[in-house]
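Student: here is the input, now give the coordinates:
(2 chains)
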Number of protein chains: 2
Amino acid sequence: MIFIELDQKINIEMQIECDTAIVTASTASDAPMGRRDRRKAEARQRLLTAAHRLIAENGVPDLRIGDVTDLADLGFGTFYTYFPSKEALIEEVAAEVLAGLAASIGSDALEVADPAEAASASYRRFLRFSRDEPEVARVLVELDRVNAIFELAVKPWAMETLARGQASGRFAVDDLDLAHTSVAGSALAAIRAILAGRVPPGPKTESRGAEMMLRSFGLDTASAQEISRRPLP
Amino acid sequence: MIFIELDQKINIEMQIECDTAIVTASTASDAPMGRRDRRKAEARQRLLTAAHRLIAENGVPDLRIGDVTDLADLGFGTFYTYFPSKEALIEEVAAEVLAGLAASIGSDALEVADPAEAASASYRRFLRFSRDEPEVARVLVELDRVNAIFELAVKPWAMETLARGQASGRFAVDDLDLAHTSVAGSALAAIRAILAGRVPPGPKTESRGAEMMLRSFGLDTASAQEISRRPLP
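Tutor: Model (predicted):
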């Protein structure tokens, strides 16, 4: 089961926050986070982690605020200090899991020498997420603007892999942005189809989707088939 | 400019309604539509047509109920007899335009002997819709559950073309449902990217997307490129 580690997620977010802080430094307060703010941020993160675990185990319909605050070792009454509603908490869990998943899959992809194999492994691991964490994936695909959220979360790594493939002549892609948006759209559609039972879950579907993607990048059928069936790194 | 003809749209809907009527005959009233109901249905359709025209010309932000009822030659006060809100009207316009577009593109595709050319033309015409009717396309991609709506609207024709391609050996696709859902997801993502300005609009993008799709179906690069650049039938 892919269960994004908390530390990793926090690091990623901290980095994003720092980047944003640099850009908006002139308008935002430059004061460092005080002890009180740090405690609040920690409590908020504990609620997110607890909710993630409960959703993964029992699904969204059975999620109760009291169970979340219990598992996070916080008083029930404090919940609304951190989130306006249970729905807001659930959405943030999904967005955070996606950011962590994208970062984990994307940074692994940079370690794979062949961009075709890197793209294939990334695609397959994204689809596998709907098997590993179906309840969280279900929340994710129901999010408003999920396509934009998904595309943006994946973009830095996807563009890097596409550019590597184009530079090495491995991919014959004329418009990297169009290729990225197409693949992100089709991967998300495949996840939806798996969750809805229209397409069978499992490694066969994951490899078939990756094979079609590699062919769309210009690989011949034999290579695309072979690469998309390799054991995942 | 593609402006789906009203008669055609009505015919399609009538047919869908008739099919549904057959299925649900045992629970629904069997009485034929009375004159009063027919008039109401006609007035409703006039509002939809008027709203479609105004949205196409001036966009959604400038749409006023009074302008819609004026153009439909109905009293302002009658509007809420037909639609609960302006938003409901706008959503129904988008869904109706999509159904008409899917039927028009899909039935044209059945006339093209080569399934590869049929699929290419369908894909290109869907993307071209975001150029021809950007305001309606913008409403469409913002709809709740647009992916499901789009997939379903396109499915009957898309599956027919995919099955023809598979049967003739033109396509090497193992799972037609996965191929359909992937292409529908990527076409919708491409339309979104065009509307958001991340991908340039125009025939070049439309052909490039179709080329990637054909390659994903197993066509070699030279054939995919040649077919996706043919003049549209």
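
Student: measure A:M213 to B:A148 for me?
Tutor: Applying Cβ to Cβ, to the nearest Å, the value for A:M213 to B:A148 is 22 Å. Heads up, the C-betas are built off the backbone N, CA and C, glycines and all.

Student: mind checking the end-to-end distance for stretch A:137-153?
Tutor: End-to-end span of stretch A:137-153 (Cα to Cα, to the nearest Å): 15 Å.

Student: please name the residues that touch the residue nearest the centre of chain A.
Tutor: Residue closest to the average C-alpha location in chain A (Cα atoms, centre = their mean): A:L98, at 2.4 Å. A:L98 sits next to A:140, A:149-150, A:153 when contact means Cβ atoms under 8 Å, 6 or more residues apart in numbering or on different chains.

Student: same check on A:R230?
Tutor: Neighbouring residues of A:R230 by Cβ under 8 Å, 6+ apart: A:117, A:120.

Student: the closest residue to A:R128 other than its chain neighbours sits in which helix or strand?
Tutor: In this structure, A:R128 finds its nearest non-sequential neighbour in A:E206, 5.8 Å apart by Cβ to Cβ, 6 or more residues apart in numbering or on different chains. In this assignment (DSSP states H and E), A:E206 forms part of helix A:203-216.

Student: pull the distance from the longest helix along chain A to the chain's centre.
Tutor: Across chain A, the longest stretch assigned as helix under DSSP state H is helix A:86-111. The gap between where helix A:86-111 is centred and where its chain is centred comes out at 3 Å by Cα atoms, centre = their mean, to the nearest Å.

Student: after that helix, which helix or strand is next?
Tutor: Beyond helix A:86-111 on the C-terminal side, the first helix or strand identified by DSSP H and E is helix A:115-132.

Student: and that following helix, what's buried?
Tutor: Burial within helix A:115-132, assessed by neighbour count using 16 or more other Cβ atoms under 10 Å in any protein chain shown, is assigned to A:115-131.

Student: now stretch A:147-156
Tutor: Buried residues in stretch A:147-156 (16+ other Cβ under 10 Å): A:147, A:149-151, A:153-155.

Student: same question for stretch A:99-110.
Tutor: A:99-106, A:108-109.

Student: return the member of these nearest to chain B.
Tutor: Nearest to chain B among the buried residues of stretch A:99-110 is A:A102, at 16.1 Å by Cβ to the nearest Cβ.

Student: so the closest one sits against A:I149, correct?
Tutor: No. With contacts counted by Cβ atoms under 8 Å, A:A102 stays clear of A:I149, the gap being 9.9 Å.

Student: how's chain A carved up into domains?
Tutor: A:31-83, A:88-228 (automatic domain parsing).

Student: can you pull the poorly scored residue ranges out of chain A?
Tutor: Applying pLDDT under 70 to chain A flags residues A:1-31.

Student: distance of the nearest residue to A:E117 once chain neighbours are set aside relative to B:S85?
Tutor: In space, and not counting its chain neighbours, A:E117 is closest to A:I227: 5.4 Å by Cβ to Cβ, 6+ apart. From A:I227 across to B:S85, the span is 51 Å (Cβ to Cβ).

Student: same question, A:A103
Tutor: 41 Å.

Student: residues in contact with the residue nearest to A:R128?
Tutor: A:123-124, A:127-128.

Student: same question for A:L63.
Tutor: Residues in contact with A:L63, defined by Cβ under 8 Å, 6+ apart, are A:51, A:54-55, A:86, A:90.

Student: tell me the strands in chain A, going along the chain?
Tutor: Read by DSSP state E, chain A holds no strands at all.

Student: which bits of chain A sit near chain B?
Tutor: A:147-148, A:151, A:172-175, A:177-179, A:181-190, A:192-193, A:198-199, A:205, A:208-209, A:212-213, A:215-218, A:220-221 (Cβ under 8 Å from any Cβ of the partner chain).

Student: quote the end-to-end distance of stretch A:66-86.
Tutor: So stretch A:66-86: terminal residues 11 Å apart, Cα to Cα.

Student: ignore what I typed, I meant stretch A:66-85.
Tutor: Span of stretch A:66-85 from end to end, Cα to Cα: 13 Å.

Student: next, the buried residues of it.
Tutor: Quick answer for stretch A:66-85 (16+ other Cβ under 10 Å): A:68-69, A:72, A:74, A:79, A:82-83.

Student: so which of those residues sit within helices?
Tutor: A:68-69, A:79, A:82.

Student: tally of neighbours for A:P203?
Tutor: Residues within reach of A:P203, counting by other Cβ atoms under 10 Å in any protein chain shown, total 13.

Student: for it, what are its contacts?
Tutor: Going by Cβ under 8 Å, 6+ apart, A:P203 touches A:124, A:128.

Student: returning to that earlier point: pull out the buried positions in the helix holding A:E206.
Tutor: For helix A:203-216, burial by neighbour count (16+ other Cβ under 10 Å) applies to A:205-216.

Student: what about that helix, distance to the chain center?
Tutor: Offset of helix A:203-216 from its chain centre (Cα atoms, centre = their mean): 19 Å.

Student: that helix to helix A:115-132, inter-axis angle?
Tutor: Following axes from the mean of the first three to the mean of the last three Cα atoms, to 10 degrees, one obtains 150 degrees for the angle between helix A:203-216 and helix A:115-132.

Student: got the contact list for the closest residue to A:V183 other than its chain neighbours?
Tutor: In space, and not counting its chain neighbours, A:V183 is closest to A:M213: 5.6 Å by Cβ to Cβ, 6+ apart. Taking Cβ under 8 Å, 6+ apart, we find A:M213 in contact with A:119-120, A:123, A:183, A:186, B:216.

Student: perfect, I'm done here.
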